[in-house]
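S.K.: Build the 3D model from these lines:
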Amino acid sequence: MNAMPTAARPLIAMLGARWMVGAQAAAIAWDAPAGVAAFALSDGSLALARPRWEGGPVVRAHAGGGAEMVPASAPPPPVARIAVHQGACLALVVDPDGGFLSSGTDGQIARVQMDGVIDTLGRAPDSSSVPLASGPGGWRLCASGRTLVRLGTGSRTLELPNTVTALAVAPDGSRAAIGHAGGITLWAGGDKPRRLAAKGIHTDLAWSRDARQLASATRDGDVLLWDIGTGHARQIDEGRAMRRSLGMTADKAHLITSASGAVVCWNITRSQLVPCGIASKDAVLHIACHPRRTLVAAGYANGAILICRPTSTEVVFVRGAGGGGIDALAWSPDGEALAFGTRGGEIGLAVLPDLLFRDGEVPAA
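M.R.: Model prediction:
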């Protein structure tokens, strides 16, 4: 790039767009075919935005090697807003058939199509927390209390031993993982769910890309890595303060979590901590692992967003500090854009095409 991103000149200023929407983003989901990011907002609406627009910035190969940036010649268009809930949005996932699934404090489970058409798929009796998940094979899941519902044609329900606190569909669509107090339940959609017992309330789940391993984090800060074939778990970390999100890198070699002031990175094979990014006095609120590269985006309580990689202390600034902590963070499915939302009511998109990355997987200078 013409200039390496710094805190004073972050990537969002060179290759992105941001909008003040006046509400916090609880979640972000990407519709891959449409190339649209949806932000679930605390005012009950979805904000839809595209990372690329007519006259937007362009990254192209430089004749002498590397990449160069052509600045934007036109401002980004306003975001589209769709009113969905009478209350705040709680969760948001992409719908397998296009568009999005959203839950809200009004108890409504809605499918929101790209043209703004809203279909109500159900209502949750307990609207204080309505987890959602979707995935290959037509999986559409919502939970209310101890009840899990698979939405769609021939909908089915599953009663869990305790309140559902996390949902994640395997990347191959073979099954869903359900977190609750006392462990994990694996469900392939039939009559015999598989129970994996472990102490604690499991509030975060992350599958490996090959669906052979599942990571779970508890409310007390413990992290376990499950072998799906054997059902055995090994404890990777315990009791780390301010645990907030969880992910596994694309190479399946590293398990990443957020914690107080650090991106915590475990080498899975060696069962040891390795460097990843830089320490900070501000808590890391969210991490997001790149879908194809061994890269991690980290969002901080001071509003900064960094990109780092396991075993390295190099970082690239996507967004500088200010404007409230990062409430939501998500890569596009192709890994060429990063979306974020702040507690100060700002949402944004940074364009990160493959040209920016050299073989070492840090942005090219």
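
S.K.: now the helices: where do they sit in the stretch 51-200 of the chain?
M.R.: With DSSP state H, counting those that start in this stretch as the definition, the stretch 51-200 of the chain shows no helices.

S.K.: just so I have it, where are all the strands in it?
M.R.: Along the stretch 51-200 of the chain, the segments classed as strands by DSSP state E, counting those that start in this stretch run 58-61, 67-70, 80-83, 89-94, 100-104, 108-112, 118-123, 132-135, 139-144, 147-150, 156-159, 166-169, 176-187, 194-207.

S.K.: Just name the most buried of those strands.
M.R.: Of the strands of the stretch 51-200 of the chain, the one with the most neighbours on average (mean count of other CB atoms under 10 Å) is strand 100-104, at a mean of 27. (Each C-beta comes from the backbone N, C-alpha and C, glycine too.)

S.K.: Need the CA coordinates for it. CSV is fine.
M.R.: Extracted in CSV, the C-alpha atoms of strand 100-104 (Å, rounded to 0.1, in the frame of the first residue of the first chain):
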residue,chain,number,x,y,z
PHE,A,100,-31.6,-12.5,7.1
LEU,A,101,-33.2,-14.0,10.3
SER,A,102,-33.7,-11.6,13.2
SER,A,103,-34.9,-11.9,16.7
GLY,A,104,-36.0,-9.1,19.0
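
S.K.: Packing partners of it?
M.R.: strand 89-94, strand 108-112, strand 132-135, strand 139-144 (3 or more CB pairs under 8 Å, 6 or more residues apart in numbering; DSSP states H and E).

S.K.: Arg195 is nearest to which of those?
M.R.: Closest to Arg195 of those is strand 139-144 (CB to CB; 16.2 Å).

S.K.: I'd like to know the average pLDDT value across that closest one.
M.R.: Taken as a whole, strand 139-144 has an average pLDDT of 96.

S.K.: so what does that strand touch, helix or strand wise?
M.R.: strand 100-104, strand 118-123, strand 132-135, strand 147-150, strand 166-169, strand 176-187.

S.K.: Could you tell me how far stretch 317-329 lies from the centre of the chain?
M.R.: 15 Å (CA atoms, centre = their mean, to the nearest Å).

S.K.: So which bits of it are buried?
M.R.: Neighbour-count burial for stretch 317-329 flags 317-321, 323, 325-329 (criterion: 16 or more other CB atoms under 10 Å).

S.K.: Just the C-alphas of stretch 126-142, formatted as PDB.
M.R.: Extracted C-alpha coordinates of stretch 126-142, given in PDB (Å, rounded to 0.1, in the frame of the first residue of the first chain):
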ATOM      1  CA  ASP A 126     -39.200 -15.800  26.600                       C
ATOM      2  CA  SER A 127     -38.000 -12.700  24.700                       C
ATOM      3  CA  SER A 128     -35.200 -11.700  27.100                       C
ATOM      4  CA  SER A 129     -32.700 -13.800  25.100                       C
ATOM      5  CA  VAL A 130     -33.500 -15.400  21.700                       C
ATOM      6  CA  PRO A 131     -30.300 -17.000  20.200                       C
ATOM      7  CA  LEU A 132     -30.300 -17.700  16.500                       C
ATOM      8  CA  ALA A 133     -28.200 -19.900  14.200                       C
ATOM      9  CA  SER A 134     -28.200 -20.900  10.600                       C
ATOM     10  CA  GLY A 135     -26.100 -22.900   8.200                       C
ATOM     11  CA  PRO A 136     -25.800 -25.300   5.300                       C
ATOM     12  CA  GLY A 137     -28.500 -27.800   4.800                       C
ATOM     13  CA  GLY A 138     -31.300 -25.300   5.500                       C
ATOM     14  CA  TRP A 139     -30.600 -25.000   9.200                       C
ATOM     15  CA  ARG A 140     -32.600 -22.200  10.800                       C
ATOM     16  CA  LEU A 141     -32.600 -22.400  14.600                       C
ATOM     17  CA  CYS A 142     -34.000 -20.300  17.400                       C
END
